[in-house]
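> next input, structure requested:
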Amino acid sequence: MSEKDLFVGFEKINSAEWRYQIAKDLNIQNIDELKWTSAEGIDVGPIYHIDEAIRLNIPKSQNDWNVGEYLHFTNVSDASKFVSNAAKGGADSIYLDGDYSAEEAIQLIRKFEKSNLNWHVKVSCRAEDLKTIKKSSTAIQSKLNLHVDPIGHRARIGDWLIDQDTDLNVMRSHLQGQLLNQSQVSIDMSLYQNAGANIIQQLAFGLSHANEYLNLISTSNQVPLVTFKTAVGSNYFFEIAKLRALRWLWQSLLSGIGFDDTPCHILTTTTERNKTIYSYNNNLLRSTTECMSAALGGADTIVNMPYDNQYHNPNDFGQRIARNQLLILKHESFFQAVQNPTDGTYYIDYLTHSLANQALELFKSIEAKGGFIEALKSGVVQASIKNSATKEQEAFDQKDIILLGVNAYKSEEEKMSPTIDKLKLDVNQNKVFKAIIPSRLADEIEKERMKREKA
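The predicted structure follows:
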């Protein structure tokens, strides 16, 4: 039976007819009464129909996304045990973070050449570190993605690694040399999300952030392979649309300034913003839907942070559970089986179009005032993120945003103080320049609760 035969005898129903019938069934005058407005100011309707469909040309992502695992690198010996467990457990990719030298990173990667792992490695924008990495990269068979991001360092710490001119000159030199099939630069958008930026701000700041690096090269140069590191929150459909909008915006930016179309690599992590210490098992549910959004939105590498990451040191159980969440989505739920599965989804297309257009307008506003670095210097970026974060925090405090076990349905018998290995502190932020500081919605209420436990 052909597809046409399936619909023989069914009349086509237009949008107006659907809207009338829905209103009648719900006993309301107009279904526009069901509209709501998101935190980004986007009006969301109750129905999306092919009559009003927005046709988008979203660049294709790779079909088979990588199961990534986060490693806070302390020393080669401990890291080797971690990587070995991750590779045996099904991880495809390692995201390397921490305080380590370029030589130590290369040593670790070479130990696992036969494991067929992809590597995401944070590298400082120091000339000697980049020289070491580039010198060794030709001998490395593994796929290597360098996360070099001096502007991200400036945003997170509040100051440059050395100074603006030096850091950008080192970056300019770095971008001149192409590494075969390896990304050379990272745009850390996860910082903006974890600090409380709304989705439009995340996209606009990420695009403007990336444009600062494009300004360091001429259109005669090949565009470097870029990795966008994003954090995915719990607003399921909006987060899917965010990643799709990011690909469209990146393609539009390159086209608009005369560069050849070069696909970006999107690495996603689960957000810290909504994670809790009390009723911590609920973090498993939050991170599962976040990973689903990442997969459906077209992420290339998905890193699921452990459910106990806020209060436990890295441990085998937390890492294994985080990895297995992704493996279940990939191999049991077949989230990798279809390329761009949301194509033609009218609602998600509408969200993608709305987010991209509003982000583009904000991006243009930033560029008209001197670009992203100037916006950081003046505090415009920090102030706008703080404003969004404050509104979200107020919604949480008023219980318009619910985190179960923290601001609703909490168990007073639950005691967490004895189980705490660590509490994340905002350290090393420059007190002279304004830094963008990540924060959790539940942070203050949980600190007060722990104080009461100890009293």
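> show me where the stretch 1-150 of the chain has its strands.
36-37, 43-44, 66-73, 93-98, 118-122, 143-147 (DSSP state E, counting those that start in this stretch).
> ok now the third one, how far from the chain's centre?
Okay, so that is strand 66-73. How far strand 66-73 lies from its chain's middle: 14 Å, per C-alpha atoms, centre = their mean, to the nearest Å.
> got it, and the fifth one?
Here strand 118-122 is found 16 Å from its chain centre; the criterion is C-alpha atoms, centre = their mean.
> and the last one, by the same measure?
Averaging C-alpha coordinates over strand 143-147 and over its chain gives two centres that are 17 Å apart (C-alpha atoms, centre = their mean).
> what does that strand rub up against?
109, 118-123, 133, 137, 179, 181-186, 188, 225, 227, 229, 265, 267 (C-beta atoms under 8 Å, 6 or more residues apart in numbering). All C-beta atoms are positioned from the backbone trio N, CA, C, and that covers glycine.
> domain map for the chain?
3-52, 66-349 (automatic domain parsing).
> now do the contacts for the residue nearest to residue 50 when sequence neighbours are not counted.
Leaving aside its sequence neighbours, residue 50 sits nearest to residue 346 (C-beta to C-beta, 6 or more residues apart in numbering; 6.6 Å). Contacts for residue 346 (C-beta under 8 Å, 6+ apart) come out as 48, 49, 50, 52, 53, 54.
> check residue 252 too.
residue 360.
> helix or strand: which one has it?
Here residue 252, judged by DSSP states H and E, is contained in helix 236-256.
> against residue 103, how distant is residue 132?
6 Å (C-beta to C-beta, to the nearest Å).
> more neighbours, the two?
Legend: neighbour count by other C-beta atoms under 10 Å for residue 132 and residue 103, higher for residue 132 (17 against 13).
> find the nearest non-adjacent residue to the more buried one, please.
residue 102 is the one closest to residue 132 (C-beta to C-beta, 6+ apart), at 4.0 Å.
> likewise residue 258?
Closest to residue 258 by C-beta to C-beta, 6+ apart is residue 219, at 4.5 Å.
> using the three-state scheme, assign the one you found.
The local conformation at residue 219, judged by DSSP: H, G, I helix; E, B strand; the rest coil, is coil.
> residues in contact with it?
For residue 219, the contact set (C-beta under 8 Å, 6+ apart) comprises 257, 258, 259.
> ok so the last one is a helix residue?
Read it as residue 259. No: applying three-state DSSP, one finds residue 259 to be coil, outside a helix.
> give the full set of residues in contact with the residue lying closest to it once chain neighbours are set aside.
Closest residue to residue 259 apart from its sequence neighbours, by C-beta to C-beta, 6+ apart: residue 223 at 4.9 Å. By C-beta under 8 Å, 6+ apart, the contact list for residue 223 reads 214, 217, 254, 259, 260, 262.
> just to revisit the earlier point, and the residue nearest to residue 258, how close does it get to residue 120?
Separation of residue 219 from residue 120 (C-beta to C-beta): 28 Å.
> quick one: residue 408 and residue 397 touch, right?
No: applying C-beta atoms under 8 Å as the test, residue 408 and residue 397 come out as separate, 12.0 Å apart.
> and the domains of the chain, which is most packed in?
domain 66-349 (a mean of 19; mean count of other C-beta atoms under 10 Å).
> distance between it and the chain's centre?
Using C-alpha atoms, centre = their mean, the distance between the centre of domain 66-349 and that of its chain works out at 8 Å.
> so where's the protein shaky on pLDDT?
Along the chain, the model assigns pLDDT under 70 to residues 1-5, 7, 62-63, 138-139, 177-182, 220, 424-433, 455.
> kindly list the longest helix within it.
helix 346-368 (DSSP state H).
> how about that one: buried residues?
For helix 346-368, the neighbour count (16 or more other C-beta atoms under 10 Å) marks 347-356, 358-360, 362-363, 366-367 as buried.
> CA atoms only: put that helix into CSV for me.
Backbone C-alpha positions of helix 346-368 (Å, rounded to 0.1, in the frame of the first residue of the first chain) are rendered in CSV as follows:
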residue,chain,number,x,y,z
TYR,A,346,6.2,22.5,12.7
TYR,A,347,6.4,23.5,16.4
ILE,A,348,10.2,23.0,16.6
ASP,A,349,10.7,24.8,13.3
TYR,A,350,8.7,27.7,14.7
LEU,A,351,10.8,27.8,17.8
THR,A,352,14.1,27.5,15.9
HIS,A,353,13.1,30.3,13.6
SER,A,354,12.0,32.6,16.4
LEU,A,355,15.1,31.9,18.6
ALA,A,356,17.4,32.4,15.6
ASN,A,357,15.8,35.6,14.4
GLN,A,358,15.8,37.2,17.9
ALA,A,359,19.4,36.1,18.6
LEU,A,360,20.5,37.5,15.3
GLU,A,361,19.0,40.9,16.2
LEU,A,362,20.8,40.9,19.6
PHE,A,363,24.0,39.8,17.8
LYS,A,364,23.7,42.8,15.4
SER,A,365,23.2,45.1,18.3
ILE,A,366,26.4,43.8,20.0
GLU,A,367,28.4,44.1,16.8
ALA,A,368,27.1,47.7,16.2
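> quick check: residue 254 touching residue 262?
Yes: between residue 254 and residue 262 there is a contact at 6.5 Å, judged by C-beta under 8 Å.
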